[in-house]
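Enquirer: here is a sequence together with a model predicted from it:
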Amino acid sequence: MSFYQQLVAAKAAGQKQVAVLIDPDGMKAGHLGRLLDLAEETGIDAFFLGGSLIMNNVLDACISEIKSRCRVPAVLFPGNSLQISYRADALLLLSLISGRNPDLLIGKHVETAAFLKASPLEIVSTGYMLIDGGVPTSVSYMSNTTPIPAGKIDIAVCTAMAGELLGLKTIYMDAGSGALQPISDETVRAVGQAIAVPLIVGGGIRTPEKARANAEAGADLQVVGTALEKNSGALREIVAAVKGA
Ligand code: 1GP
């Protein structure tokens, strides 16, 4: 089953999912190994791979390590066009629909379209929405876009609806990595009710309580990264909270 089919099937069955964010460049020694052990143990649903910068040529090696040690799909969540590897299973083709930077709405897509069409990667068109998480994030700075204000739920709802109407296959609402405030339950609920495509939520999710609340509010897949950097074991409680919601 493809990554997207898995996402749709889980949504239809009411099963909530968890992905772990890996920034290959920012990975400290030993951390990837611990996450891979935990991935099998906890039954996470995907690894998302991406970051804002390219410092080293380690993406391929990171995916090979994932493939050699577990069966969890490796999904590219690229911060730029250099973060593409044929070794991955799927790629989120992000259109930054909360912003008005034409390069990130369609420009980069035109540049990479022929390459992606020829690739073996499963391409998942994704409406990517930044929601203000209380602190300027790398993605907001690097994308030169302003996030949707946290309290403007109607704007978030209409942005997600527009993305769905345009034919994007999933909506990813992100407060940005390391957000002080994760996206509110109210926003997750309102956006989840407004669209039929799977809803991915991430940014600043640190506790099992918040993960459970997101799942109950309608987040089909939650992405967790920063919370695991100091304490990878937190993944156990977060996965249990999401799967038990
Ligand atoms: C960022 O949603 C991801 O794109 C993960 O965010 O690192 O804050 O968990 P955190």
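Expert: Looks like it arrived, so ask away.
Enquirer: hmm, V20 and L49 touching each other?
Expert: No: when contacts are counted by CB atoms under 8 Å, L49 is not listed as touching V20 (9.7 Å). C-beta coordinates here come from the backbone N, C-alpha and C atoms, glycine included.
Enquirer: the ligand contacts on this structure?
Expert: Proximity of the chain to the ligand is assessed by CB under 6 Å from any ligand atom, with 21, 174, 177-179, 202-205, 223-227 identified as the residues in range.
Enquirer: how long is stretch 213-226 from one end to the other?
Expert: Distance between the boundary residues of stretch 213-226 (CA to CA, to the nearest Å) amounts to 19 Å.
Enquirer: can you give me the buried ones in that stretch?
Expert: Buried residues in stretch 213-226, defined by neighbour count with 16 or more other CB atoms under 10 Å: 213-215, 217-226.
Enquirer: where does V124 land in three-state SS?
Expert: Three-state assignment for V124 (DSSP: H, G, I helix; E, B strand; the rest coil): strand.
Enquirer: I'd say it and L94 touch.
Expert: No: checked against CB under 8 Å, the pair V124 and L94 is beyond contact range at 9.5 Å.
Enquirer: most widely separated two among the residues of the chain next to the ligand?
Expert: Farthest apart among the residues of the chain next to the ligand by CB to CB are D174 and A227. That separation is 14.5 Å.
Enquirer: what about these two, which has more around it?
Expert: Comparing D174 with A227 by neighbour count (other CB atoms under 10 Å), the higher total belongs to D174, at 26 against 20.
Enquirer: partner residues bridging that one?
Expert: Each beta-bridge partner of D174 is listed here, defined by DSSP bridges: L130, G202.
Enquirer: residues contacting it?
Expert: When contacts are counted by CB atoms under 8 Å, 6 or more residues apart in numbering, D174 is found next to 128-131, 139, 183, 201-203, 223.
Enquirer: tell me, how many residues neighbour whichever residue of the chain sits closest to the ligand?
Expert: Of all residues in the chain, G202 sits closest to the ligand, at 2.2 Å by CB to the nearest ligand atom. Here the number of neighbours of G202 (other CB under 10 Å) works out to 26.
Enquirer: gap between D23 and A194?
Expert: Spatial separation of D23 from A194 under the definition CB to CB, to the nearest Å is 30 Å.
Enquirer: and if you look at I205?
Expert: As for I205, its distance to A194 is 21 Å (criterion: CB to CB).
Enquirer: okay, the two: which has more neighbours?
Expert: Counted by other CB under 10 Å, I205 and A194 do not tie: I205 has more neighbours, with 25 against 19.
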